[in-house]
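Novice: Show me how the following folds:
(one chain, ligands or ions: 1)
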Amino acid sequence: MSATSSALRPPADAVAPVRHPDAPAPGELLGAHYDQCFGCGDGQPHGLRLAARAGDGVRMTAEFTVQPAHQGAPGLAHGGVLASALDETLGSLNSLLRTIAVTGRLETDFVRPVPVGTVLYLEAEVTAVAGRKIYSSATGRIGGPDGTVAVRADALFIKVGVDHFVGNGCQEEIRATMNDPDQVRRARAFEVNP
Ligand SMILES: CCCCC/C=C\C/C=C\C/C=C\C/C=C\CCCC(=O)SCCNC(=O)CCNC(=O)[C@H](O)C(C)(C)COP(=O)(O)OP(=O)(O)OC[C@H]1O[C@@H](n2cnc3c(N)ncnc32)[C@H](O)[C@@H]1OP(=O)(O)O
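Specialist: Numbering: from 1, shown residues only. The predicted structure follows:
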């Protein structure tokens, strides 16, 4: 059973999300936004290594294979890891809006257990935008892209500036990120294309 809280219901003045003209093309793989990201980075040995792909409109798809390091109960994925996979997929939607945003609220339904070795097929969509607030939903299916829904989530992301990361992050990591030419290009692109 699912009952989304009122905080995740878009207000009356919310508008339909608009795909940015410079959004990644449908079918394009996004690649990691940060090598050390638990959700998508290649530098995290036990990370999810989630690969997100742009879809049509304001939709993304992603796949994540549950590893032994992701267990909660014996042989089954930990719920927090599944919530991370949903969060990461929902976060990747921001690339379609060409904005930077962080998760403010994430509500998750765990519908079926997800065994180790299973591929979780994720699908996410922006549903509404109200000022800095971005509303979105995601599902994770097992047994194939059209298989049984195992997890689902509704989320509220809040748009932030690069200063959110510079002001709150680890200075050493930020310096390293600033020295990565690709990251700097991306951060600049976000700043001039809000
Ligand atoms: C130097 C190099 C840096 C390079 C960076 C470049 C690119 C980065 C690219 C991508 C990275 C981005 C994300 C990572 C990607 C994926 C990972 C998945 C996503 C995450 O894993 S991300 C981590 C977890 N996440 C956080 O770490 C957030 C901690 N948090 C805060 O930092 C603040 O909390 C914040 C900023 C959220 C808001 O703070 P704030 O002061 O800016 O704004 P304020 O509080 O005024 O809220 C404005 C309006 O949102 C409403 N609102 C706020 N929070 C709400 C809630 N929880 N429920 C219901 N409504 C809420 C208010 O009610 C108000 O609504 P209204 O306007 O109607 O009054």
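
Novice: contacts and neighbour counts: CA atoms only from here.
Specialist: Will do.

Novice: Could you check the longest helix anywhere in the chain and say which residues are buried?
Specialist: Criterion DSSP state H: the longest helix present in the chain is helix 79-92. Judged by neighbour count using 16 or more other C-alpha atoms under 10 Å, the buried positions of helix 79-92 are 79, 81-92.

Novice: Neighbours of the residue nearest to Ala85 when sequence neighbours are not counted, how many?
Specialist: What sits nearest to Ala85 in space, not counting adjacent residues and going by C-alpha to C-alpha, 6 or more residues apart in numbering, is Gly39, at 6.5 Å. By other C-alpha atoms under 10 Å, 26 other residues sit near Gly39.

Novice: got the contact list for the longest helix of the chain?
Specialist: Residues outside helix 79-92 that contact it (C-alpha atoms under 8 Å, 6 or more residues apart in numbering): 39-40, 48, 50, 52, 60-62, 64, 70, 72, 101-103, 106, 108, 110, 122-125, 136-140, 151-153, 155, 157.

Novice: same thing but at 6 Å, please
Specialist: Residues external to helix 79-92 that are found in contact with it (C-alpha atoms under 6 Å, 6 or more residues apart in numbering): Gly39, Ala124.

Novice: Heading C-terminal from it, find the next helix or strand.
Specialist: Counting by DSSP states H and E, the next helix or strand C-terminal to helix 79-92 is helix 94-97.

Novice: Just confirm yes or no for that next one near the ligand.
Specialist: No. Using C-alpha under 6 Å from any ligand atom, helix 94-97 never reaches the ligand; the gap is at least 8.1 Å.

Novice: Can you name the element that comes right after that helix?
Specialist: Moving toward the C-terminus from helix 94-97, the next helix or strand (DSSP H and E) is strand 101-110.

Novice: Show me what counts as buried in that next one.
Specialist: Ala101, Val102, Thr103, Leu106, Glu107, Thr108, Asp109, Phe110.

Novice: now the next helix or strand after it: how far from the chain's centre is it?
Specialist: Next helix or strand after strand 101-110 toward the C-terminus (DSSP H and E): strand 119-130. The chain centroid and the centroid of strand 119-130 are separated by 8 Å, computed with C-alpha atoms, centre = their mean, to the nearest Å.

Novice: Specify the angle between strand 119-130 and helix 79-92 in degrees.
Specialist: 50 degrees (axes from the mean of the first three to the mean of the last three C-alpha atoms, to 10 degrees).

Novice: list the helices and strands strand 119-130 packs on?
Specialist: Applying 3 or more C-alpha pairs under 6 Å, 6 or more residues apart in numbering; DSSP states H and E, we find strand 119-130 packed against strand 59-65, strand 133-142.
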